[in-house]
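K.L.:
Turn this into a structure:
(chains A and B)
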Amino acid sequence: DQQVKQNSPSLSVQEGRISILNCDYTNSMFDYFLWYKKYPAEGPTFLISISSIKDKNEDGRFTVFLNKSAKHLSLHIVPSQPGDSAVYFCAALYGGSQGNLIFGKGTKLSVKP
Amino acid sequence: NAGVTQTPKFRVLKTGQSMTLLCAQDMNHEYMYWYRQDPGMGLRLIHYSVGEGTTAKGEVPDGYNVSRLKKQNFLLGLESAAPSQTSVYFCASSYSPSPQETQYFGPGTRLLVL
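P.N.:
Presented below is the predicted three-dimensional model:
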């Protein structure tokens, strides 16, 4: 059973608009959530993270929101740029260890000029 | 500073053959990880290492063995390859297991088992 779910395989937005990528999880023991970005033929790169004790974390154009009661998090990219076109993976871990990192299936974001 | 490198980039094996994937990092990281990514799936942890000479099982360890004889290298072995092991394999490293420490990923090894 998938513990981290990204239900939208793809998302297309116009340059300059907001991109919202969603992620749901089932395991209430998760205590940290991360977003990774992946370009074709490259490894994932870390984007932003949030602890379960917070509800928002912001880094430049990227903001992650966490709703623990709904077991839902989202990544907002504002404004979206063509270079943001990539696959975005949501990941979660428990026990404070990256040895317990669980990834979602990813959402492919396309930002059109 | 090359970061995390993986060798080879691409390999084709026949069922039953063996091979070793090499991961090297030059960031003096203690922790290293091996993941696999299947089409339409997220990354799944195969094995990881908390330091030289130590290894631990991840989510999908069956059919794989690992070794960490040197701090900078983490080897992933397939003793008898099966078509189900066709995947893209990613290695990663981090300074510590803490979620505040970034995992740095290599570019991946694409493996096809016929």
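
K.L.:
just the residues of chain B that are near chain A, which are they?
P.N.:
B:4, B:31, B:33, B:40-45, B:48, B:50, B:56, B:58-59, B:90, B:92, B:94, B:97-108 (CB under 8 Å from any CB of the partner chain). All C-beta atoms are positioned from the backbone trio N, CA, C, and that covers glycine.

K.L.:
In strands only, show me the residues you listed.
P.N.:
Counting by DSSP state E, the residues of chain B next to chain A place B:4, B:31, B:33, B:43-45, B:48, B:50, B:56, B:90, B:92, B:94, B:104-105 in strands.

K.L.:
returning to that earlier point: I'd like to know which of the residues of chain B next to chain A are buried.
P.N.:
When neighbours are counted using 16 or more other CB atoms under 10 Å in any protein chain shown, the residues of chain B next to chain A contain these buried positions: B:4, B:31, B:33, B:42-45, B:48, B:50, B:58-59, B:90, B:92, B:94, B:97, B:99, B:101-108.

K.L.:
ok, so of the ones in strands among the residues of chain B next to chain A, who is nearest chain A?
P.N.:
B:Phe105 (3.0 Å; CB to the nearest CB).

K.L.:
Pretty sure that closest one sits against B:Ala92.
P.N.:
Yes - when contacts are counted by CB atoms under 8 Å, B:Phe105 is listed as touching B:Ala92 (4.6 Å).

K.L.:
Overlap of the contact sets of these two?
P.N.:
A:Gly43, B:Val4 (CB atoms under 8 Å, 6 or more residues apart in numbering or on different chains).

K.L.:
Chain B contacts on chain A?
P.N.:
Near chain B, when you scan chain A using CB under 8 Å from any CB, you find A:4, A:6, A:9, A:31-32, A:34, A:41-46, A:49, A:51, A:89, A:91, A:93, A:96-99, A:101-106.

K.L.:
Okay, and which of those residues map to strands?
P.N.:
A:4, A:31-32, A:34, A:45-46, A:49, A:51, A:89, A:91, A:93, A:102-103.

K.L.:
For residue 24, give the beta-bridge partners.
P.N.:
By default, I'm working from chain A. A:Lys5, A:His72 (DSSP bridges).

K.L.:
actually chain B
P.N.:
B:Thr5, B:Asn73.

K.L.:
Sketch out the low-pLDDT regions of chain A for me.
P.N.:
Within chain A, no stretch has pLDDT under 70.

K.L.:
Contacts for stretch A:54-61, please.
P.N.:
Stretch A:54-61 has contacts (CB under 8 Å, 6+ apart) with A:48-50, A:63-68, A:77-79, A:81.

K.L.:
ok, of those, which one's closest to A:Asp24?
P.N.:
A:Asn67 (9.9 Å; CB to CB).

K.L.:
hmm, what's the outermost residue in chain B?
P.N.:
Here chain B reaches farthest from its C-alpha mean at B:Gln100, the gap being 21.4 Å by CA atoms, centre = their mean.

K.L.:
roughly how far apart are it and A:Leu93?
P.N.:
When CB to CB, to the nearest Å is the yardstick, B:Gln100 and A:Leu93 sit 11 Å from each other.

K.L.:
what do you get for A:Asp55?
P.N.:
Distance of A:Asp55 to A:Leu93, given as CB to CB: 18 Å.

K.L.:
The two: who's more crowded?
P.N.:
A:Leu93 (22 against 13; other CB atoms under 10 Å in any protein chain shown).

K.L.:
Nice, that's everything, thank you.
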